[in-house]
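Novice: next input, structure requested:
(one chain, ligands or ions: 2)
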Amino acid sequence: MQKKPLILDIKGNSLDDGPGIRTVVFFKGCPLSCVWCHNPESKKAGAEISFDKNECVGCGTCIEVCPENALDRKNPFFIDRTRCTLCNACAEACPSGALSMVGKKIPMGDIVATILKDKPFYKNSNGGVTLSGGEPTLYMDFLSELLQALKDEGIHTLVETCGMFDFESFEKKALPYIDTIYYDIKIFDPDIHQQFCGVKNDRILKNFSKLNTLSAENSFELLARTPLIPNITATEKNLTEIANFLNTQGIGQTRLLAYNPLWHEKNDKIGTHNSFKNDQAMTSWIPNEKLEIYRSIYAKKGILTE
Ligand code: SF4
Ligand code: SF4
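Specialist: Numbers count the residues shown, from 1 in each chain. Ligands and ions are numbered 1, 2, ... in the order given. Here you go, the predicted structure:
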């Protein structure tokens, strides 16, 4: 029996995660480890305590209740995670919500019931449900069961994936119940992919090719996306290589995801060291002139960018 995922959040009324008004289910756990991850709390499959220093009122209650003496104001991340046993006492006692447990086990029935409350919004907006992460395909059996339950309700389904999955299992268990796939192709060079995402990308590119072939014959939609990360993915070399790859696949449209420098703060909350914190390019938004240059790389290859 495959492990069940922890759920980070179920967010309703989203206008940014696919067509129409959508409910987004965020799974916790990812086979990649991208240094710039915008949801760093989704990387680890297990639960974590998050500390938001901006919400803390300095009452000291958490320090008093912690049975492991894991909390210390002198610690730059406040929590010594080598001592913390995730007992949740501090989060329960915290009056301001500065401390919270990230990742919850939610039974399938409760997830579906939460989603169904939003169903009336999907109909009028051509919306539906987006399964995101982390990486939903890490839990293929659970994903399959959830997708089937949504299709039984006639709900449009969209899966956001990094592409690092067993293709046979995905094709059999998930694909029959998916309407749209948002598929991230972040870095083309396998060694640079490994350097910044923790794994090589051979499987990701192969899986994309297979899905692309199937999408021409089947009824699901496939959209490649590339997050623009200064000096990592957003380089002329990388974007040209990705555009060339998409050309070989006969793809005429892709999406470039805008860079959001606010991910640095999220790393602090879960106590993750971040070597890019003082990198000037990584702490600013990408200017419009540069975005136009990136778009023109694709345009020259005949690929439209959203
Ligand atoms: S979860 Fe428990 S052990 Fe961890 S810091 Fe909070 S009170 Fe301490
Ligand atoms: S209990 Fe909450 S508000 Fe009080 S010191 Fe701890 S984190 Fe801050």
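
Novice: neighbours around residue 44, how many?
Specialist: By the measure other Cβ atoms under 10 Å, the count of residues near residue 44 is 18. All C-beta atoms are positioned from the backbone trio N, CA, C, and that covers glycine.

Novice: quick check: it is in a helix.
Specialist: No - checked against DSSP: H, G, I helix; E, B strand; the rest coil, residue 44 lies outside a helix; its state is coil.

Novice: give the contact list for it.
Specialist: Residues near residue 44 by Cβ atoms under 8 Å, 6 or more residues apart in numbering: 28, 29.

Novice: could you pull out the strands in the protein for me?
Specialist: 7-14, 22-27, 48-51, 99-102, 128-132, 156-161, 180-184, 221-227, 253-257, 304-305 (DSSP state E).

Novice: chain center to the least confident helix or strand in the chain by mean pLDDT: distance?
Specialist: One helix or strand of the chain scores below all others by mean pLDDT, DSSP states H and E: helix 263-269, with a mean of 85. Centre-to-centre, helix 263-269 and its host chain are 15 Å apart (Cα atoms, centre = their mean, to the nearest Å).

Novice: next: stretch 204-216.
Specialist: Here stretch 204-216 shows a centroid-to-chain-centroid distance of 20 Å under the convention Cα atoms, centre = their mean.

Novice: list the buried residues in the least confident helix or strand of the chain.
Specialist: 263, 264, 266, 267, 268, 269 (16 or more other Cβ atoms under 10 Å).

Novice: of the strands of the chain, which stretch is the most buried?
Specialist: strand 128-132 (a mean of 27; mean count of other Cβ atoms under 10 Å).

Novice: contact partners for the residue of the stretch 201-306 of the chain at minimum distance from ligand 2?
Specialist: Nearest to ligand 2 in the stretch 201-306 of the chain, going by Cβ to the nearest ligand atom, is residue 269, at a distance of 11.5 Å. Counting by Cβ under 8 Å, 6+ apart, residue 269 touches 41, 50, 51, 52.

Novice: ditto for residue 297
Specialist: With Cβ under 8 Å, 6+ apart, residue 297 has these contacts: 236, 239, 240, 243.

Novice: so how far is the longest helix along the chain from its chain's centroid?
Specialist: Longest helix in the chain by number of residues, with DSSP state H as the criterion: helix 202-217. Distance of helix 202-217 from the chain centroid (Cα atoms, centre = their mean) equals 20 Å.

Novice: what segments of the protein are helices?
Specialist: Under DSSP H, the chain gives helices at 61-65, 89-93, 108-117, 119-125, 140-152, 167-173, 190-197, 202-217, 236-248, 263-269, 288-300.

Novice: in the first one, which residues are buried?
Specialist: Applying a neighbour-count criterion of 16+ other Cβ under 10 Å, one finds 61, 62 buried in helix 61-65.

Novice: and what of the fifth one?
Specialist: Using 16+ other Cβ under 10 Å as the burial criterion, the residues of helix 140-152 that qualify are 140, 142, 143, 144, 145, 146, 147, 149, 150.

Novice: quick check: pLDDT value at residue 234.
Specialist: The per-residue pLDDT reported for residue 234 equals 97.

Novice: how many neighbours does the closest residue to residue 87 other than its chain neighbours have?
Specialist: Of all residues not flanking residue 87 in the chain, residue 67 sits nearest, at 6.5 Å (Cβ to Cβ, 6 or more residues apart in numbering). Counted with other Cβ under 10 Å, residues neighbouring residue 67 total 10.

Novice: wait, residue 67 sits on residue 88?
Specialist: No - applying Cβ atoms under 8 Å as the test, residue 67 and residue 88 come out as separate, 11.1 Å apart.

Novice: the residue in the stretch 151-300 of the chain that ligand 1 sits nearest to - nearest residue in space that isn't next to it in sequence?
Specialist: Residue of the stretch 151-300 of the chain nearest ligand 1, by Cβ to the nearest ligand atom: residue 271 (10.7 Å). Take residue 271 and drop its neighbours on the chain: the residue closest to it by Cβ to Cβ, 6+ apart is residue 77, 3.8 Å away.

Novice: kindly report the same for residue 302.
Specialist: With Cβ to Cβ, 6+ apart, the residue lying closest to residue 302 is residue 252, at 6.8 Å.

Novice: that neighbour: how many residues sit nearby?
Specialist: Around residue 252 there are 12 residues (other Cβ under 10 Å).
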